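Undergrad: Model the structure of this input:
(chains A, B, C and D)
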Number of protein chains: 2
Amino acid sequence: MDWSIQEIARLAGTTSRTLRHYDDIGLLAPARIGSNGYRYYDEPALVRLQRVMLLRELGLGLPAIGEVLDREESAPHALRSHLEWLRQEQERLARQIASVEHTITALEGGERLMAENVFDGFDHTRYKEEVEQRWGKDAYAKSDAWWRSMSAEQKAAWQERASDLGRDWIAAHDRGIDPTGDEAQALAQRHFEWLRGIPGTPGGGGQGPTKEYFVGLAEMYVADERFGANYGGRAGAEFVRDAMTAYADRNL
Amino acid sequence: MDWSIQEIARLAGTTSRTLRHYDDIGLLAPARIGSNGYRYYDEPALVRLQRVMLLRELGLGLPAIGEVLDREESAPHALRSHLEWLRQEQERLARQIASVEHTITALEGGERLMAENVFDGFDHTRYKEEVEQRWGKDAYAKSDAWWRSMSAEQKAAWQERASDLGRDWIAAHDRGIDPTGDEAQALAQRHFEWLRGIPGTPGGGGQGPTKEYFVGLAEMYVADERFGANYGGRAGAEFVRDAMTAYADRNL
DNA sequence: GCTTGACATTGACGCTGCGTCAAGCTTTAG
DNA sequence: CTAAAGCTTGACGCAGCGTCAATGTCAAGC
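TA: As a prediction, this is how the structure comes out:
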């Protein structure tokens, strides 16, 4: 009235390796074990195995299956939270699919896989639309022309200044100083000077960016993680924003 | 002009552990290694890292990313096949979600997680609808009543006959014999006799099932994997079907 | 009684992409 | 000079088995 491991595996549509695994982790023990060490399964074991297989097809993990089978009343609850997880996975996949499609069309349109210069002051490729929308086409065009006019060495020097600034912001944040204190305000001052070097920024080139632009940029560092990444992520960006906003209030 | 491992990790929004991993697998080597063993990265490395991160967000595997970056023209192709895989995953998830929802409502309707008796001749719970649709409500009701009228021992005996038959079919198929040959035909005969014992089958009870029913059942073994599982999966079910069909042609 | 072949056993590694200690050397800031 | 960071190379862990490897058992035929 009982079956060998191969037989029950075939009956349930699985493999003997899987059954040994289930035995190892305590999910499904054989009905008895012969003196030779062989595993033998009876019908209750088969029923349990069928249930395991069913729940596996639904995507449940083995520990979750074990709990469900040992206290059957928990099944709806377990399935519901599993359902939640499945839905989130599906959303994630949907977003990935959209991104991949977008990337493919971009590549076929002749674009590169990513901007060459990671430290573009404004990354003229990636942020083109945002810049145009917020500050006008003219501002973008000026800034772009200015950037293109530089030699590679000049660009490298500029980028180094940008990355130095980023590093110092991160370091300041890590030390836990007050964003409205002297040190942070000195950094905000450097940031202001740095921006002054960019034509096309509202107020740029001459006396430096306007207050509105300066504060708007600070907010963008927080709102857009692509910017924020240069300052150590969200918390770092918030620190930078606070310091810049305080600076603008006092000096612009 | 280059960064330590921590710095570049922060710039790219990842961790130093990940960078060491990428170095280990040859996906992204540091620009140079100091005499102290430290890894230092330069800007080309950063660009490559940014691209890696981008492709990772799209869900590509690391080996695929390596190929894409080393021969950039292959990017659209790689992305397209990746897209295909993403879509399949989404479909799979959709099916799982539907199944989980179905299972939850069934459980809340008071049903058990699965039929107790795995070897029900027709599994009166799982196949109710199919049986009613193909052979009429009357047939199902008769068969069901017959089954319920049996004692547990009688049921067990019946189930054993069913499982014996299944095992013999599987063994015959494994031996690779001809489904139209004598041995397989003898099995088909046994199968016929076995069905004769079930009231409610068209022609059942008396002289045995009709040809139409017998052949239809054989096809169902192939079409429905829940049946086919009793005969060793798809290939086994096809073998059974071939034997049963030949038997029906000759004898019914 | 022996051989053969099918089936059983217990390890143990492999796969994916890192997270997470651990032990020990280096650099940096005070 | 010392303490705090930061770096290095291992190595285990995770999820769920697939896949050898080395070896013991069982049923069947000669």
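Undergrad: Please count neighbours and contacts with C-alpha atoms only from this point.
TA: Fine.
Undergrad: Show me what from chain A comes close to DNA strand D.
TA: A:Thr15, A:Ser16, A:Arg17, A:Thr18, A:His21, A:Asn36, A:Arg56, A:Leu60, A:Gly61, A:Leu62, A:Pro63 (CA under 7 Å from any atom of the strand).
Undergrad: Next one: whatever helix or strand the fifth one lives in, is it in contact with DNA strand C?
TA: When secondary structure is defined using DSSP states H and E, the element that contains A:His21 is helix A:16-24. Yes - in terms of CA under 7 Å from any atom of the strand, part of helix A:16-24 sits within range of DNA strand C, namely A:Ser16, A:Arg20.
Undergrad: Name the residues of that helix that are buried.
TA: Residues A:Leu19, A:Arg20, A:Tyr22 are the ones in helix A:16-24 that count as buried (16 or more other CA atoms under 10 Å in any protein chain shown).
Undergrad: repeat for stretch A:61-68
TA: Buried, per 16+ other CA under 10 Å, within stretch A:61-68: A:Ile65, A:Gly66, A:Val68.
Undergrad: Same question for stretch A:184-196.
TA: Using 16+ other CA under 10 Å as the test for burial, stretch A:184-196 gives A:Ala184, A:Gln185, A:Leu187, A:Ala188, A:Gln189, A:His191, A:Phe192, A:Glu193, A:Trp194, A:Leu195, A:Arg196.
Undergrad: Against DNA strand C, how distant is the residue in the stretch 1-150 of chain A that DNA strand D sits nearest to?
TA: For the stretch 1-150 of chain A and DNA strand D, the shortest gap (CA to the nearest atom of the strand) falls at A:Gly61, measuring 3.1 Å. Taking CA to the nearest atom of the strand, to the nearest Å as the measure, A:Gly61 falls 15 Å from DNA strand C.
Undergrad: Would you map the strands across chain A?
TA: Using DSSP state E, the strands of chain A run over A:32-33, A:39-40.
Undergrad: ok, A:Asp249 - how many residues close by?
TA: A:Asp249 has 10 neighbours, counted by other CA atoms under 10 Å in any protein chain shown.
Undergrad: Now do it against A:Thr210, distance only.
TA: With distances taken as CA to CA, to the nearest Å, A:Asp249 is found 12 Å from A:Thr210.
Undergrad: A:Leu195 too?
TA: Going from A:Leu195 to A:Thr210 by CA to CA gives 10 Å.
Undergrad: Ok, A:Glu73 next?
TA: For A:Glu73, the distance to A:Thr210 - CA to CA - is 65 Å.
Undergrad: Look at those two and report which has more neighbours.
TA: Taking neighbours as other CA under 10 Å, A:Glu73 and A:Thr210 compare with A:Thr210 leading, 17 against 12.
Undergrad: So that one sits against A:Leu217, correct?
TA: No - the criterion here is CA atoms under 8 Å, and A:Thr210 misses it with A:Leu217 at 10.6 Å.
Undergrad: which of the residues in stretch A:209-219 are buried?
TA: Within stretch A:209-219, the residues that qualify as buried by neighbour count (16+ other CA under 10 Å) are A:Pro209, A:Thr210, A:Lys211, A:Tyr213, A:Phe214, A:Val215, A:Leu217, A:Ala218, A:Glu219.
Undergrad: Hmm, the fifth one is touching A:Asp242, no?
TA: No - because the distance of 11.7 Å does not satisfy CA under 8 Å, A:Phe214 is recorded as not touching A:Asp242.
Undergrad: Low-confidence stretches in the stretch 1-150 of chain A?
TA: Within the stretch 1-150 of chain A, the segments meeting pLDDT under 70 span A:1, A:111, A:113-150.
Undergrad: Make sure A:Leu58 is actually in contact with B:His102.
TA: No - counting by CA under 8 Å, A:Leu58 stays clear of B:His102, with 10.5 Å between them.
Undergrad: Those two - which one has more neighbours?
TA: Between A:Leu58 and B:His102, counted using other CA under 10 Å, A:Leu58 has the larger neighbour count: 22 against 11.
Undergrad: Grab the nearest non-local neighbour of that one.
TA: Nearest non-adjacent residue to A:Leu58, counting by CA to CA, 6 or more residues apart in numbering or on different chains: B:Gln96, 5.4 Å away.
Undergrad: Mind listing residues that contact stretch A:24-38?
TA: Stretch A:24-38 has contacts (CA atoms under 8 Å, 6 or more residues apart in numbering or on different chains) with A:4, A:19, A:22-23, A:39-42, A:45, A:48-49, A:62-63, A:66.
Undergrad: Let's see that with 6 Å instead.
TA: Applying CA atoms under 6 Å, 6 or more residues apart in numbering or on different chains, the contact partners of stretch A:24-38 are A:Tyr22, A:Asp23, A:Arg39, A:Tyr40, A:Tyr41, A:Asp42, A:Gly66.
Undergrad: Excluding sequence neighbours, find me the nearest residue to the fourth one.
TA: Spelled out, that is A:Tyr40. A:Tyr40 sits nearest to A:Ser4 (CA to CA, 6+ apart), 5.0 Å away.
Undergrad: ends of stretch A:169-178, how far apart?
TA: Criterion CA to CA; first-to-last residue distance in stretch A:169-178 is 12 Å.
Undergrad: Would you tell me whether that stretch gets close to DNA strand C?
TA: No - counting by CA under 7 Å from any atom of the strand, DNA strand C has no neighbours in stretch A:169-178; the shortest distance is 9.3 Å.
Undergrad: So which bits of that stretch are buried?
TA: So stretch A:169-178, judged by 16+ other CA under 10 Å, has buried residues A:Trp169, A:Ile170, A:Ala172, A:His173.
Undergrad: How about the third one, nearest residue that isn't a chain neighbour?
TA: Here the nearest residue to A:Ala172 in space, its sequence neighbours aside, is A:Ala184; by CA to CA, 6+ apart that works out to 7.1 Å.
Undergrad: any idea how far the one you found lies from chain B?
TA: When distances are taken as CA to the nearest CA, to the nearest Å, A:Ala184 and chain B turn out to be 20 Å apart.
Undergrad: Tell me how far that residue lies from A:Ala171.
TA: In terms of CA to CA, A:Ala184 sits 11 Å off from A:Ala171.
Undergrad: domain ranges for chain A?
TA: Listed by automatic domain parsing, the domain ranges of chain A are A:5-70, A:76-113, A:128-251.
Undergrad: okay if I get these as JSON lines plus distance to B:Leu107?
TA: Output for the domains of chain A, formatted as JSON lines (distance: least, CA to CA, whole Å):
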{"stretch": "domain A:5-70", "distance to B:Leu107": "12"}
{"stretch": "domain A:76-113", "distance to B:Leu107": "7"}
{"stretch": "domain A:128-251", "distance to B:Leu107": "45"}
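Undergrad: Nearest to B:Glu89 among those would be which one?
TA: Each of the domains of chain A was scored for nearness to B:Glu89 using CA to CA, and the closest is domain A:76-113 (8.0 Å).
Undergrad: and that closest one, which residues are buried?
TA: A:76, A:78-79, A:82-83, A:86, A:90, A:93, A:96-97, A:99-101, A:103-104, A:107, A:113.
Undergrad: so what pLDDT did A:Asp168 get?
TA: For A:Asp168, the model assigns a pLDDT of 75.
Undergrad: measure it to chain B for me?
TA: From A:Asp168 over to chain B the distance is 12 Å, taken as CA to the nearest CA.
Undergrad: Next, count neighbours for the residue lying closest to A:Val222 once chain neighbours are set aside.
TA: Setting aside the residues directly before and after it, A:Val222 is nearest to A:Ala237 in space (CA to CA, 6+ apart), at 5.2 Å. Neighbourhood size, A:Ala237 [other CA under 10 Å]: 27.
Undergrad: Next: A:Leu27.
TA: A:Leu27 has 20 neighbours, counted by other CA under 10 Å.
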